[in-house]
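Chemist: Provided below for reference: sequence and predicted model.
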Amino acid sequence: MLNLCNRLLGIEEGMSTTSNGVKYSPDWLVKYSNVSVEEKLDELRRLMGKAEGNPVRIVGVGAGAWGSVFVAMLQDSYGHLRDKAVVRIWRRSGRPVDRATAEHLFEVINSREDVLRRLIRRCAYLKYVEARLGDRTLFADEILRDGFCLNMIDTPLCPLKVVTNLQEAVWDADIVVNGLPSTETSVVFEEISRYWRDRKTMPIIISLSKGVEAELVPEPRIVTPTQMIQRATGAPVENILYLGGPNIASEIYNNEYANARLCGAEKWTKPMAKFLRQPHFIVWDNGDLVTHEVMGGLKNVYAIGAGMVAGLTNESATSKSVYFAHCTSEMIFITHLLAEEPEKLAGPLLADTYVTLLKGRNAWYGQKLAKGELNLEMGDSIKGKGMIQGVSAVKAFYELLSQASLSVKHPEEDRRIVPVQLCPILRILYSILIKREFPPEAILEALRDETMHDPRERIEIAQTHAFYKPFLLGQQQLPSK
């Protein structure tokens, strides 16, 4: 009957169709895909000088949503080539899964026939039944092995090789993927550095982290995760890369089209961008590492405010557009302090900001605060979401831009002011989130302040004044090759 239906539809035997009716041969597609993937892996192996029988060892450090998805994508692409690549992920052991999460996880499993069958084949289904009944406690590293990230339960991943011993995970790694928040990066990589003391060559390190920290002495500057990694490990700057883009982890794993930039020295950005590229996930290479990294942290600041405005105004499109105009003008002003050619960042920054405001965890956090469903006493590490990196970024940017040594000329008066005085949204977010002086409603009062400058004026100020402060990034010159 199936063959008859296929013939009636014009589909030859052995052919399949996509959801939009395109015919293809599964055997041809698998063969083509495998050849293409294996060729990319072989090319990278040659560049790394890997001998036959010595696989490229890839390890993710940190198992948040994006870190887990990124490693799962690599496992899906290269995990079957076991003699040429080994993909693993490290996360701390011992974190229990609470009863409510276990119940929800059980519902997710039973709603997905492919996941249900996979767990039954692996003799892993019964433990989820027991956890649903309250007869067993599951742990985060345990469920990650079955493809469930604690911060993203609704999106099952492929099964992952999970290592809970950090030394075992990283000591011989060729590629390390940093999926840690910025607040944990220094501590974990300082420990990792002890395991790399006897290495002759350092691995390639790809950081996914979008948080930033601030240092105020001996001079004010932003410290990014890649800089933290370089300090902690002494790895060559050319080996440390940053991957950023307007991406939502769950959508990428579900094959929604996305793109990203892999930033760093040309020696590794071009071959690694090619290695990471997939039909639905396009990766471009870019030489401006630190500036893109800082922009990834900056948009999280304003995403929290966007969530607050949405929650307080019942998703008013008008109010959100007013906020967007003000927050983008502040971001443009700040990029003129940080970048010599800020216009090159406009597209990537706005794209990343746009998707974060639509569906990112920082906007979600702001909305929950505004609705009273979360409060600041709960901290910035939220169950089911992970670290809300925008909170520490608000503190970092506010403290940095409050330094007298960065003072700029007042646009209307004959005096100098610190840059944060021209950033009213950043100031009110700091008062709400860090000093806790005002409730979330204060952000609407700030938007309605009649003394607030037209966003256009703030942009004109940034474009007509020489604000660029190169020492703010403490950026080392990257080798071009």
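Modeler: Sure, I can see it. Quick caveat: nothing in here was measured; it's all calculated off a predicted structure.
Chemist: Extract the CA atoms of stretch 216-228 and return them as CSV.
Modeler: In CSV, the C-alpha atoms belonging to stretch 216-228 read as follows (Å, rounded to 0.1, in the frame of the first residue of the first chain):
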residue,chain,number,x,y,z
LEU,A,216,38.6,49.7,38.4
VAL,A,217,42.3,49.6,39.3
PRO,A,218,45.0,50.4,38.3
GLU,A,219,42.7,51.9,35.6
PRO,A,220,39.1,51.1,34.7
ARG,A,221,38.6,48.4,32.2
ILE,A,222,36.2,45.6,31.2
VAL,A,223,37.4,42.0,31.6
THR,A,224,35.8,39.5,29.3
PRO,A,225,35.7,35.7,29.7
THR,A,226,38.4,35.1,27.0
GLN,A,227,40.7,37.5,28.9
MET,A,228,39.9,35.6,32.1
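Chemist: So what's the residue count around residue 410?
Modeler: Each residue near residue 410 was counted by other Cβ atoms under 10 Å, and the total is 13. Bear in mind the C-beta positions are built from the backbone N, C-alpha and C, glycine included.
Chemist: you'd agree it is up against residue 453?
Modeler: No: here residue 410 does not reach residue 453: they are 11.6 Å apart, not a contact under Cβ atoms under 8 Å.
Chemist: all strands of the stretch 251-400 of the chain, in order?
Modeler: Under the criterion DSSP state E, counting those that start in this stretch, the stretch 251-400 of the chain contains strands at 258-263, 281-286, 381-382, 386-387.
Chemist: In the sheet, which strands lie alongside the first one, parallel or antiparallel?
Modeler: Sheet pairing here is set by DSSP bridges, and for strand 258-263 it gives strand 240-244 (antiparallel), strand 281-286 (parallel).
Chemist: Also the third one?
Modeler: Sheet pairing here is set by DSSP bridges, and for strand 381-382 it gives strand 386-387 (antiparallel).
Chemist: contact partners of the strand it pairs with?
Modeler: For strand 386-387, the external contacting residues (Cβ atoms under 8 Å, 6 or more residues apart in numbering) are 64-65, 151, 181, 183-184, 211, 361, 380-381.
Chemist: got the contact list for the nearest residue to residue 124 once chain neighbours are set aside?
Modeler: Counting by Cβ to Cβ, 6 or more residues apart in numbering, residue 124 lies nearest to residue 146, which is 5.5 Å off, once chain neighbours are set aside. Counting by Cβ under 8 Å, 6+ apart, residue 146 makes contact with 119, 122, 124, 159.
Chemist: Any of the residues you listed buried? List them.
Modeler: Among the contacts of residue 146, those classed as buried by 16 or more other Cβ atoms under 10 Å are 119, 124, 159.
Chemist: what's the helix or strand for the first one?
Modeler: Secondary structure from DSSP states H and E places residue 119 in helix 113-121.
Chemist: what does the last one give?
Modeler: Assignment of secondary structure by DSSP H and E places residue 159 within no helix or strand.
Chemist: residues in contact with it?
Modeler: Residue 159 neighbours (Cβ under 8 Å, 6+ apart): 118, 122, 145-147.
Chemist: can you rerun that using 6 Å?
Modeler: Contacts for residue 159 (Cβ atoms under 6 Å, 6 or more residues apart in numbering) come out as 146-147.
Chemist: any idea how far it is from residue 96?
Modeler: 21 Å (Cβ to Cβ, to the nearest Å).
Chemist: now the second one
Modeler: For residue 124, the distance to residue 96 under the criterion Cβ to Cβ works out to 18 Å.
Chemist: same check, this time on the first one
Modeler: The spacing between residue 119 and residue 96, counted by Cβ to Cβ, is 20 Å.
Chemist: still on that earlier bit, mean confidence score for the helix or strand just after the helix holding residue 119?
Modeler: Sequence order places helix 125-132 as the next helix or strand after helix 113-121, per DSSP H and E. Averaging pLDDT along helix 125-132 yields 98.
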